[in-house]
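# what would the 3D arrangement of this be:
(2 chains)
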Amino acid sequence: MEYIKKDLGSYNLHLIKTNQFKTITVRIAFRSPIVKEEITLRNVLCDMFLQSSSMYPSKRELTIEAQELYAADIQTNNSRLGNYNNLDIYLSVLHDKYTEEGNFKKALKFLNEIVFHPDIYAKKFSSEKLEIVKSTMRSNLSSLKEDGSNYSLLRLFEVMDRSRVSSYRMVGYLEDLDKITPEALYQYYQKVMRSDMVDVFVIGDIDFKEITNMIREVVPIKTVKRQKIPYLLADVRPRSRRIFAKEKVDTTQSKLAIGCRCYGLSSYERNYALTLYNIILGGSGDSKLFKEVREKNSLCYVINSVPNKLDHLVLIRAGIDKENYSRALELIEKELQDMRKGIFSDEDIKIAKEYFCTALDEVLDSPNRILDNYYMMELLGTDDLEEKRRKIMEVSKADIVKVAKKVKMDTVFLLEGDSHEEN
Amino acid sequence: MKKINLKGLDLVAYTETLSNGLDIIFVPFEKKSNYFISYATRFGSEITSFTPSGEKRIYKVPDGIAHFLEHKMFEQESGEDPFAYFSKSGTGANASTSYDNTQYICYGTKNFEDNLRYLLQYVNAPYYTDENVEKEKGIIAEELKMYADLPDVQLETRLRQNIYHVHPRRVDIGGSVDEIYKITKEDLYLCYNNFYSPNNMFILVVGKFPMDEAMSIIHQELDSKENLEKAEVFLIKERKSVRKKQDSFVGNIQVPKIGVGLKIAISDLGQYADLELDLYLTMFTTMLFGSSSLFREQARSEKLLNNFYSDWDNTEEYKTFLILSSTNHPDSLIEAIKEEFSKHELDEAMFNRMKKVWIANEVKMADYIDSTVNNVYDDMIRYHRVIPNKVEVIRKMNIKTLEKIVSKIDFDNLSVVIMNAQEEVL
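Predicted structure coming up:
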């Protein structure tokens, strides 16, 4: 695998040459500091890219063209990366040697059509298509509670701190959706194209020179931008008093969502010691939480923890019976305390390191994970795979305990299942 | 070992059957770093009554027992937790139960030989006690509640109950809280002894691993494992008609949902090879309802659907096509679906385009270990063999055969369920 990065002035082009995959994957990543009121607009834009374009007047025609390109896969995705909102447009297509000469070039042209020639007429997006997208999104936003486990997380973040970007709902907001007009969407599209920072990635069996020329042609972005704010959220001290909140829903199971804040982590601690801390606490099928709360006490089926590194958070969730709420909370609390006291073995650390290294190995089996890795190196200055492997092995028990002492339970949210129906 | 070229995919499968009937399938990937092992039995949730080996009477075991047994497989007499064992080498492990099979998997990049041996050993060593069976009930009850709370699951369950009169696919894979509380350790041993026998199981290994070593480990661990005489599982006679054509209920949702099921008796369709029949039927519904269909375009522009999910449910006697969708206009959407079924226009250009797409997708999937595992696994469950020439079979499909099969389908044999949103309480 060979990697080069080229500064094309208005964006960086990252090229990864490998013969490991039958496909070539291209990703265009747009990002700008996140603005709450723009999230819904950006989601709508994401969907509009795939509804139609100036050459393909309907989603059906667009889909047919993708199929004709030997099932080229085009997707868009809007997500948050710390303080930034990141919009990915991604194309994956079989290499010409499995299809026909010129197929990849046509697929690139198709990508160009979708991103740079959307369905705009007289400085407006198609209002017919916009209404379709809004209609689907409206019903999705009205049904958020159907997925209790996700909904409990949305609510946890809001209860925790509404002023922080970590509380923004990336699914968007109904009240913002209603305000979106074909004109406003056009304005926003222009703004993204003009002022978002851009990175372009290509991975596959490619020729660096040839692909660079092709990309220059199909990604005609001209404006130069600079990074304005850091990716990482500001570090804040945990509050002295915990917040407890509840909301009732008509289900049989309750969802417990706990937010812990990490304060004062160094970047080494955040990227390495915290990772191991989390795997041991609740990041695997052999974790302390899994063993204690599920296996020993039969209180739940699902229990796990995940770190949100850019937000300085560790999240713990479990699906429980509401009668077991205090018991589950008590046990979780005890496990957090045990981590601080260093009640875990060298064997646990060794296993967590193995886990981490296997995950690193697996990065290389997926074009998208390889791209993600390079993207994070670019944005956050994270280490490359080899460096990660070396540094994780150096983490000591004392390092993990030190991190454990910086992780404090901050907010406890219970989505309380209040159904009297017996199943 | 028999070598099977998977034509058009740059892959080779190796197969062997032990003298006790256990099938072994290897699909090596030289360029990858990881491996994936699946040890599977053709025992799933739909077997709940059978005549055990050496017995005369029919036993009825509680619903959900296959899934319960899967959970309890992780209990070892030594007290060692298989998850913990695999973790030591950073290896992932899991298990899953379906209507007609259960599999135990592990996947990773290290310690292949020990992990393979361990996987075979722990699945070969059931250890059920009154106490450990009791303990599991609380965990599984939470799992069942988690699924039962999901509106999509409620809708699909209702639809299945309306399609099938007596077939066990009426019942969720996990069973119900009431039923699983009846399970005893004797029930578990009975199922294990009758269905976890070599002639009812197979091992699939995909990825980067030493084939010779793998084969010798499998021989060492499983050559001596014997079969009981086969338990007798009776074909459950299911009537051709759907049980209920029309139904509605109120769910804990804001936007209504609909479910539609088309039940087709295989015997009505004529004589076809199993794989071909599945491909033609899937082609048919892809042309009618797939992402590039006229139906979807029309329904989208009329804002009839928010999302659309469809799949085939395969039993021994029936092929059932299931549609689940969220919609603000349930009646209009159902009308549109019914109309599409009765019109069923088949466009040859689209037929050929879909063939091209399917072949391209087969090639793409062969890039990934997990997709290859799923592909080969499904073929083993459904067709009991590795399919060497799927690309060729797809290429040879012709629209005449499709038309002939479709002409035999009774499009009135539909079951329709509407899940209504709750009235707003002020």
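
# so where's the chain uncertain?
The chain I'm using is chain A. A:420-423 (pLDDT under 70).

# try chain B instead
Along chain B, segments meeting pLDDT under 70 span B:424-426.

# distance check, the residue nearest the centre of it against chain A.
Centroid-nearest residue in chain B, with CA atoms, centre = their mean: B:Ser98, separated by 5.3 Å. Distance of B:Ser98 to chain A, given as CB to the nearest CB, to the nearest Å: 18 Å. All C-beta atoms are positioned from the backbone trio N, CA, C, and that covers glycine.

# quick check: that residue touching B:Ser45?
Yes: between B:Ser98 and B:Ser45 there is a contact at 7.3 Å, judged by CB atoms under 8 Å.

# what parts of the stretch 1-150 of chain B come near chain A?
Within the stretch 1-150 of chain B, the positions lying close to chain A (CB under 8 Å from any CB of the partner chain) are B:10, B:31-34, B:81, B:83-84, B:87-94, B:108-110, B:135-140, B:142-146, B:148-150.

# what's the ChimeraX line that selects buried ones from those residues?
Selection command for ChimeraX covering only the buried members of the residues of the stretch 1-150 of chain B next to chain A, criterion 16 or more other CB atoms under 10 Å in any protein chain shown:
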select /B:32,33,34,81,83,84,87,88,89,90,91,92,93,108,109,110,135,136,137,138,139,140,142,143,144,145,146,148,149,150
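
# can you list residues touching both of B:Ser98 and B:Ser45?
The contact sets of B:Ser98 and B:Ser45 overlap at B:Ile173 (CB atoms under 8 Å, 6 or more residues apart in numbering or on different chains).

# ok so, going back, excluding chain neighbours, what is closest to the residue nearest to the centre of chain B?
Distances taken as CB to CB, 6 or more residues apart in numbering or on different chains place B:Gly44 nearest to B:Ser98, at 5.0 Å, with adjacent residues excluded.

# helix or strand for the residue positioned nearest the centre of chain A, which one?
Using CA atoms, centre = their mean, the residue of chain A that lies closest to the mean C-alpha position is A:Ser79, 5.4 Å off. Counting by DSSP states H and E, the element that carries A:Ser79 is strand A:73-81.

# and that strand, what does it pack onto?
Strand A:73-81 is packed against helix A:39-49, strand A:84-94, helix A:103-116, with contacts defined by 3 or more CB pairs under 8 Å, 6 or more residues apart in numbering or on different chains; DSSP states H and E.

# try 7 Å this time
Counting contacts by 3 or more CB pairs under 7 Å, 6 or more residues apart in numbering or on different chains; DSSP states H and E, strand A:73-81 packs against helix A:39-49, strand A:84-94.

# send me that strand as PDB with only the CA atoms.
What follows is strand A:73-81, C-alpha atoms only, in PDB (Å, rounded to 0.1, in the frame of the first residue of the first chain):
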ATOM      1  CA  ASP A  73     -22.500   2.700  -5.300                       C
ATOM      2  CA  ILE A  74     -23.000   6.300  -4.400                       C
ATOM      3  CA  GLN A  75     -23.800   7.400  -0.900                       C
ATOM      4  CA  THR A  76     -23.900  10.600   1.100                       C
ATOM      5  CA  ASN A  77     -23.600  11.000   4.900                       C
ATOM      6  CA  ASN A  78     -23.700  13.900   7.300                       C
ATOM      7  CA  SER A  79     -22.100  13.600  10.700                       C
ATOM      8  CA  ARG A  80     -20.400  15.500  13.400                       C
ATOM      9  CA  LEU A  81     -16.700  15.500  14.000                       C
END
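
# where's that strand relative to the chain centroid, distance-wise?
Averaging C-alpha positions (CA atoms, centre = their mean, to the nearest Å) puts strand A:73-81 9 Å from its chain's average.

# residue contacts, the residue nearest to A:Glu354 when sequence neighbours are not counted?
With CB to CB, 6+ apart as the criterion, A:Glu354 has its nearest non-adjacent residue at 3.1 Å, and that residue is B:Gly90. For B:Gly90, the contact set (CB atoms under 7 Å, 6 or more residues apart in numbering or on different chains) comprises A:Glu354, A:Tyr355, A:Cys357, A:Thr358, B:Gly108, B:Lys110.

# care to break chain A down by domain?
A:2-218, A:243-417 (automatic domain parsing).

# which stretches in the stretch 101-250 of chain B count as helices?
Secondary structure of the stretch 101-250 of chain B by DSSP state H, counting those that start in this stretch: the helices cover B:112-123, B:130-148, B:151-163, B:177-180, B:185-195, B:211-222.

# give me the angle between the fifth one and helix B:112-123.
Here helix B:185-195 runs at 120 degrees with respect to helix B:112-123, directions being taken by axes from the mean of the first three to the mean of the last three CA atoms, to 10 degrees.

# do the third one as well
Angle, helix B:151-163 to helix B:112-123, by the same axes, to 10 degrees: 50 degrees.

# residue contacts, residue 253?
Just so you know, I chose chain A. By CB under 7 Å, 6+ apart, the contact set of A:Gln253 is A:Gly319, A:Gly417, B:Glu142, B:Lys145, B:Met146, B:Asp149.

# wrong chain, I was asking about chain B
A:Ser143, A:Glu146, B:Pro151, B:Met419, B:Ala421.

# contacting residues for the last one?
It stands for B:Ala421. Shown in contact with B:Ala421 (CB under 7 Å, 6+ apart): B:Ile253, B:Gln254, B:Val255, B:Pro256.

# spell out which residues of the stretch 151-300 of chain B are next to chain A.
B:Pro151, B:Ser176, B:Val177, B:Asn252, B:Ile253, B:Gln254, B:Val255, B:Ser291, B:Ser292, B:Glu297, B:Arg300 (CB under 7 Å from any CB of the partner chain).

# one step back: among the contacts of B:Ile253, name the ones in helices.
In helices, defined here by DSSP state H, the members of the contacts of B:Ile253 are B:Pro151.

# run through the strands of chain A in chain order.
A:2-7, A:12-17, A:23-33, A:73-81, A:84-94, A:120-121, A:124-125, A:197-204, A:243-249, A:254-262, A:300-308, A:313-320, A:407-417 (DSSP state E).

# may I see the domains of chain A organised as CSV, with distance to B:Phe26 added?
Converted to CSV, the domains of chain A look like this (distance: least, CB to CB, whole Å):
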stretch, distance to B:Phe26
domain A:2-218, 21
domain A:243-417, 18
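
# among the ones you listed, which comes closest to B:Leu402?
domain A:2-218 (17.9 Å; CB to CB).

# quick one: end-to-end length of that closest one, please.
For domain A:2-218, the first-to-last residue distance is 23 Å (CA to CA, to the nearest Å).

# sorry, back to before: out of the helices and strands packed on strand A:73-81, nearest to chain B?
Of all the helices and strands packed on strand A:73-81, it is strand A:84-94 that lies closest to chain B, at 5.9 Å by CB to the nearest CB.

# the closest one pairs with which strands, parallel or anti?
If you go by DSSP bridges, strand A:84-94 pairs up with strand A:23-33 (antiparallel), strand A:73-81 (antiparallel).

# pick the most deeply packed of those strands.
Burial of the strands paired with strand A:84-94 is given as mean neighbour count (mean count of other CB atoms under 10 Å in any protein chain shown); strand A:23-33 ranks first at a mean of 22.

# select, out of the strands paired with strand A:84-94, the one closest to B:Tyr181.
Using CB to CB, the strands paired with strand A:84-94 put strand A:73-81 closest to B:Tyr181, at 42.4 Å.

# what's the angle from that closest one to strand A:300-308?
80 degrees.

# quick one, which of the strands of chain A is nearest to A:Lys179?
strand A:124-125 (14.4 Å).

# for residue 319, give the beta-bridge partners.
Unless you meant another one, I'm taking chain A. In this entry, A:Gly319 is beta-bridged to A:Lys255, by DSSP bridges.

# can you look at chain B instead?
Counting by DSSP bridges, B:Lys319 is bridged to B:Ile264, B:Asn314.
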